[in-house]
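In: kindly return the folded structure for what I paste below:
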Amino acid sequence: MQENHEDELDSDQELASTEISEAGAGSSAQIAMMSEIDNWISHVWMVRTFLKHSDEATDDEELAEVHRGLYDFMLALGPSLDSGDAQRYLKIARKKIGKLRAVTAEFVELQPEVSGHMNFKMAAKSLSLAVKQIDRLLQASD
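Out: Predicted coordinates for the structure are as follows:
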């Protein structure tokens, strides 16, 4: 059963890569890298959405800055992803990764003060993992 699920994931990633490569610029390795980074960005998006819609964000300007910072990273990459321009996407991601790391570190530090609820703990863990993977992928693509 597990193998079938993994095959489905591989198939979905190949499909996403194919769709992207039909439209834009970049080598097949860059296109695959963009696709893989975008998969991790889906986790960043979910954490950002959770934070944005939490009651705590309306009362805490620092927390609001975190979800805005996450959004800024994703917003910067959107046009390149939409056009399939992997070269530009990776260039922008490399330029913006420092800010993403900083916002993530800020949330991890802030999280215990904001809430000890498991949802916030898991959001911090999920965001940290996703950003580490994005950073690792960008370093590997240099």
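In: point out where this protein drops to low pLDDT.
Out: 1-24 (pLDDT under 70).
In: compute the distance between Phe50 and Ser83, please.
Out: Phe50 is 29 Å from Ser83, where distance means Cβ to Cβ, to the nearest Å. To be clear about C-beta, it is placed using only N, CA and C from the backbone, and glycine gets the same treatment.
In: now Arg101
Out: From Arg101 to Ser83 the distance is 26 Å (Cβ to Cβ).
In: in terms of neighbours, single out the busier of Phe50 and Ser83.
Out: Between Phe50 and Ser83, counted using other Cβ atoms under 10 Å, the more crowded position is Phe50 (17 against 14).
In: what's the local residue count around the nearest residue to the more buried one once chain neighbours are set aside?
Out: Beyond its immediate neighbours in the sequence, the residue positioned closest to Phe50 (Cβ to Cβ, 6 or more residues apart in numbering) is Ala123, lying 5.5 Å away. By other Cβ under 10 Å, 24 other residues sit near Ala123.
In: pretty sure Ala123 is touching Gln111, no?
Out: Yes. Counting by Cβ atoms under 8 Å, Ala123 does reach Gln111; the two are 7.4 Å apart.
In: excluding chain neighbours, what is closest to the spatially most central residue of the chain?
Out: What sits nearest the mean C-alpha location of the chain, by Cα atoms, centre = their mean, is Ile41, with 2.1 Å. Counting by Cβ to Cβ, 6+ apart, Ile41 lies nearest to Met74, which is 5.9 Å off, once chain neighbours are set aside.
In: buried set for the helix or strand encompassing Glu106?
Out: If you go by DSSP states H and E, Glu106 is part of helix 86-114. Using 16 or more other Cβ atoms under 10 Å as the test for burial, helix 86-114 gives 86, 88-90, 92-93, 96-97, 100-101, 103-104, 107-108, 110-111, 114.
In: beyond that helix, next helix or strand please.
Out: Heading C-terminal from helix 86-114 (DSSP H and E), you reach helix 118-140.
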